[in-house]
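> with the sequence up front, the predicted model follows.
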Amino acid sequence: MWRQRRSLAKGLLLAILGLAISCKTSDDAKAVATQMTAAAKDLSDYYAALSSLVGEHAKLERLQQATMGVPYDKQDLAQLQDVQAALKKRSDAAGDLADLAKAFTGLSGSKAPADVSDSASNLGTALASIPQLPGASDAQPVLQNAGKILTQFAQEGDERKMAKSIDPTMAALSQMFSQEKSTYDSIDRTYIGLAQGIALDMVTHNQVDPGSLMEPALKPFDLAGRVPTEQLSPGLADYAREQIKAKAEINIAAHAKASDSMENALKELSKRTHQLATDGKMPERGFPRLSDVESWVKQIL
Amino acid sequence: MGPSLQSLEDQYMLLTQQLSMILSACPTQTERDQVMTQYVASRRNYWSSIQKTFHDDDPQVTSLVQEMKDEQKAIKDCTNQLNNIAKVIDIITDAVNVGTALVAKAA
């Protein structure tokens, strides 16, 4: 009797422990999935904004042709469109990862929504279209199969295996971002640099309305500024040049901060996904803030 | 981004900053066209390099990167000699040709 009770108590304890471990793992997996959803969404938006910036660069080249006569033809446009397309592919892949991570978040362990399989398959297709991604050629078949496997793992409640299956993808996206980050910074710098060059030339040729510079003095009185002569006064022209240069520096710094934050977040997320996949737990709950990324994206899109 | 892309960015941006001043110093449309041809070549070199993976450890690329830096300095110096626009155009052409060689090497 005593032995029976002891055996029962032991069994109960094991069951409670097992449940506790299972619940803990579930919370950890949910935390990783939630963090991944947010970071992948920001990553997708970041790439979309950078792609949009290249589109704006194309407009600047067209403007430079109009104002300074610099040749700009189909070859130039095609070159920029190629870069835009490459960035859009990255945006799509990050968006698909966000969808997959979101589908993970919805998994309770007993029921696996079919969209996990679809999301994984979409992500595989998107990743396979990015040649620079480490292991890109293997991504499509692996992730297409991963969709089915993930569904099975989810049905079995094996979140560790689920994390294991997404771990290499997360690591590859993070690695690609770090490898290409300085190129993203360069794209931003040349956009601002070209805009600055054209803007300064327009000031020199008296093609800039300095109204906004006078606004702080006139706005409280509901008045608008007027330039008395055709030519900008040297003081106002200098003020306009000063503003162009100062804002160019601010804009470049804002992007550099955003790309730094994005890189750190991806590294952290990759580390946490790997931790969950290997240790079966991930106790970290806070996550690096991506407000720098979000505010830069908001400024562009 | 390795030193190759950085060199091409520096050249493209330096010419962007100086373009208006150099064009103003050109006495004829022929010279203006020559300057703009080199400017467009520099811009295209930059965008070509964005999509390519560079092998910065290649000694030939390293040597071209150093040459690019020397040419950048020559462009900066030559803007003090705008009265000799033919010489300025020659210097810019040499510099852009090094950039073109760099992009070809990295392809």
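Looks like it arrived, so ask away. Numbering: from 1, shown residues only, chains lettered A, B, ... in the order given.

> going forward, measure contacts and count neighbours with C-alpha atoms only.
OK.

> quick one: A:Asp96 from A:Ser51, how far?
A:Asp96 is 17 Å from A:Ser51, where distance means CA to CA, to the nearest Å.

> name the residues of chain B found near chain A, please.
Neighbours of chain A within chain B, by CA under 8 Å from any CA of the partner chain: B:1, B:6, B:9, B:13, B:16-17, B:20, B:36-37, B:40, B:44, B:47-48, B:50-51.

> now the host helix or strand of A:Asp118: average pLDDT?
Secondary structure assignment for A:Asp118, by DSSP states H and E: helix A:114-128. The average pLDDT within helix A:114-128 is 70.

> also stretch B:74-82?
Mean pLDDT, stretch B:74-82: 73.

> can you give me the end-to-end distance of it?
Stretch B:74-82: ends 13 Å apart by CA to CA.

> what residue is smack in the middle of chain B?
Nearest residue to the geometric centre of chain B (CA atoms, centre = their mean): B:Val96, 3.5 Å.

> spatially nearest residue to that residue, not counting backbone neighbours?
In space, and not counting its chain neighbours, B:Val96 is closest to B:Ser42: 5.6 Å by CA to CA, 6 or more residues apart in numbering or on different chains.

> residues in contact with the one you found?
Residues in contact with B:Ser42 (CA atoms under 8 Å, 6 or more residues apart in numbering or on different chains) are B:Leu8, B:Gln11, B:Tyr12, B:Val96, B:Gly99, B:Thr100.

> could you dump these to a markdown table with secondary structure?
Output for the contacts of B:Ser42, formatted as a markdown table (DSSP: H, G, I helix; E, B strand; the rest coil):
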| residue | secondary structure |
| --- | --- |
| B:Leu8 | helix |
| B:Gln11 | helix |
| B:Tyr12 | helix |
| B:Val96 | helix |
| B:Gly99 | helix |
| B:Thr100 | helix |
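
> can you give the distance of the one helix or strand the residue nearest to B:Val96 maps to from its chain's centre?
Using DSSP H and E, B:Ser42 sits in helix B:29-50. Relative to the centre of its chain, helix B:29-50 is centred 8 Å away, using CA atoms, centre = their mean, to the nearest Å.

> report the buried residues of it.
B:31-50 (16 or more other CA atoms under 10 Å in any protein chain shown).

> with stretch A:65-73 instead?
Residues A:Met68, A:Val70, A:Pro71, A:Tyr72 are the ones in stretch A:65-73 that count as buried (16+ other CA under 10 Å).

> got a list of what the first one touches?
When contacts are counted by CA under 8 Å, 6+ apart, A:Met68 touches B:Ser20.

> one more: the one 4 residues further on?
Applying CA under 8 Å, 6+ apart, we find A:Tyr72 in contact with A:Glu61, A:Arg62, A:Gln65.

> mind putting the residues you listed into CSV with pLDDT and secondary structure?
As requested, the contacts of A:Tyr72 are exported to CSV (pLDDT from 0 to 100; DSSP: H, G, I helix; E, B strand; the rest coil):
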residue, pLDDT, secondary structure
A:Glu61, 97, helix
A:Arg62, 97, helix
A:Gln65, 96, helix
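
> show me what secondary structure element comes after the helix or strand hosting A:Gln35.
Per DSSP H and E: A:Gln35 is located in helix A:2-68. Downstream of helix A:2-68, the first helix or strand assigned by DSSP H and E is helix A:74-105.

> now that next one: buried residues?
Within helix A:74-105, the residues scored as buried using 16+ other CA under 10 Å are A:76-77, A:79-81, A:83-84, A:86-105.

> so which of those residues reach chain B?
A:Asp76, A:Gln79, A:Leu80, A:Val83.

> want to throw the residues you listed into TSV with pLDDT?
Shown next, in TSV, are those (pLDDT from 0 to 100):
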residue	pLDDT
A:Asp76	95
A:Gln79	91
A:Leu80	94
A:Val83	91
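
> can you put the residues you listed in JSON lines and add distance to A:Asn122?
What follows is those, written out as JSON lines (distance: CA to CA, whole Å):
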{"residue": "A:Asp76", "distance to A:Asn122": "32"}
{"residue": "A:Gln79", "distance to A:Asn122": "27"}
{"residue": "A:Leu80", "distance to A:Asn122": "26"}
{"residue": "A:Val83", "distance to A:Asn122": "22"}
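
> looking at those residues, which one is closest to A:Glu242?
Taking CA to CA as the measure, A:Glu242 sits nearest to A:Leu80 out of those, at 29.8 Å.

> does the closest one really touch A:Leu60, like I thought?
No - with contact defined as CA atoms under 8 Å, A:Leu80 does not reach A:Leu60; the gap is 11.6 Å.

> tell me, what's the model's pLDDT at A:Gly135?
pLDDT for A:Gly135: 56.
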